[in-house]
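Chemist: Generate a structure from the sequence data that follows.
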Amino acid sequence: MQLQDVEIERNVDTSRMRWPMREILTGQDGEGVNRLFCDLSGMPWAIVERLIEYEEPKVSAVDSREAGTDDVFERRDVDPWFGLDLGVASAVGALSAANCFPVWSCNGEPKHTESLPTILFRARVTRVPDLLEVAEEAGCGLINNFEHLELYATHVRHFIAFARALLARRSRLRPVYRRRRGGTTRRIRYPHGKQSTGQLRLW
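Modeler: Down below sits the predicted model:
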């Protein structure tokens, strides 16, 4: 997989961020950016662990030329990463598990849309400090992209490192709150059963 020469920047202006609840809940936010959008919100951390375990050796195999491109990139009879590009799946999963809302991603391989690995997503402002710290730890960039945030890297191995780092601090993430009508707030928790829906099964 290609190593890109790009300057890494970690600078987020939270005043530009928006969380349009209705569009997110209906999936319209993702569909407006990505016609192949799949809502992975509420992904369990256990599946993030399995994504990392499955994805990391595949990426290493590609880098060491131990696996053929056709075997890794073209087979669709078994799809353990939800239709996502190899190399971005664990990071997308980790963001989803951390109450963020990924809407688009690309691993930056030749003939793909982007020239470097990137993930476009929504996040609550209170999640930004965690994301910046994890991005720095993993060597990823994190910037504004209009109302979204964009995570990017010089190589997808940094995305896997990002997923590992976010997974490692899952119990220490800052609470994320949602403002309710009347000005009160409540901590975001997915409804019971949300994390065990059929769409989130790995195999």
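Chemist: Run the chain-centre distance for the longest helix along the chain.
Modeler: Ordering each helix of the chain by length in residues (DSSP state H) puts helix 45-63 first. Centroid displacement of helix 45-63 relative to its chain, using Cα atoms, centre = their mean, to the nearest Å, is 14 Å.
Chemist: how about that helix: buried residues?
Modeler: Within helix 45-63, the residues scored as buried using 16 or more other Cβ atoms under 10 Å are 45, 47-52, 54-56, 58-59, 62. C-betas here are computed from N, CA, C, even on glycine.
Chemist: and if you look at stretch 130-142?
Modeler: 130-132, 134-135, 138, 140-142.
Chemist: And for that stretch, what's in contact with it?
Modeler: 6-12, 98, 100, 123, 149-154, 158-159, 161-162, 164-166, 169, 173-174 (Cβ atoms under 8 Å, 6 or more residues apart in numbering).
Chemist: just for the protein, where's the confidence low?
Modeler: Applying pLDDT under 70 to the chain picks out residues 1-5, 66-81, 110-114, 177-203.
Chemist: the helices in it, which residues?
Modeler: Using DSSP H, helices in the chain cover 21-26, 28-33, 45-63, 69, 89-97, 128-138, 156-168.
Chemist: Now render these as JSON lines, adding distance to T118.
Modeler: JSON lines is the format used below for the helices of the chain (distance: least, Cβ to Cβ, whole Å):
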{"stretch": "helix 21-26", "distance to T118": "20"}
{"stretch": "helix 28-33", "distance to T118": "12"}
{"stretch": "helix 45-63", "distance to T118": "16"}
{"stretch": "helix 69", "distance to T118": "21"}
{"stretch": "helix 89-97", "distance to T118": "10"}
{"stretch": "helix 128-138", "distance to T118": "13"}
{"stretch": "helix 156-168", "distance to T118": "9"}
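Chemist: one step back: buried subset of the contacts of stretch 130-142?
Modeler: Buried among the contacts of stretch 130-142 by 16+ other Cβ under 10 Å: 12, 98, 100, 123, 149-154, 158-159, 161-162, 164-166, 173.
Chemist: List the contacts of F159.
Modeler: Contacts for F159 were tallied using Cβ under 8 Å, 6+ apart; they are 87-88, 90-91, 117, 119, 138, 140, 151, 153.
Chemist: Of these, which belong to strands?
Modeler: Residues from these lying in strands, with DSSP state E as the criterion: 119, 151.
Chemist: Nearest to E31, out of the contacts of F159: which one, please.
Modeler: The closest of the contacts of F159 to E31 turns out to be I119 (Cβ to Cβ; 16.7 Å).
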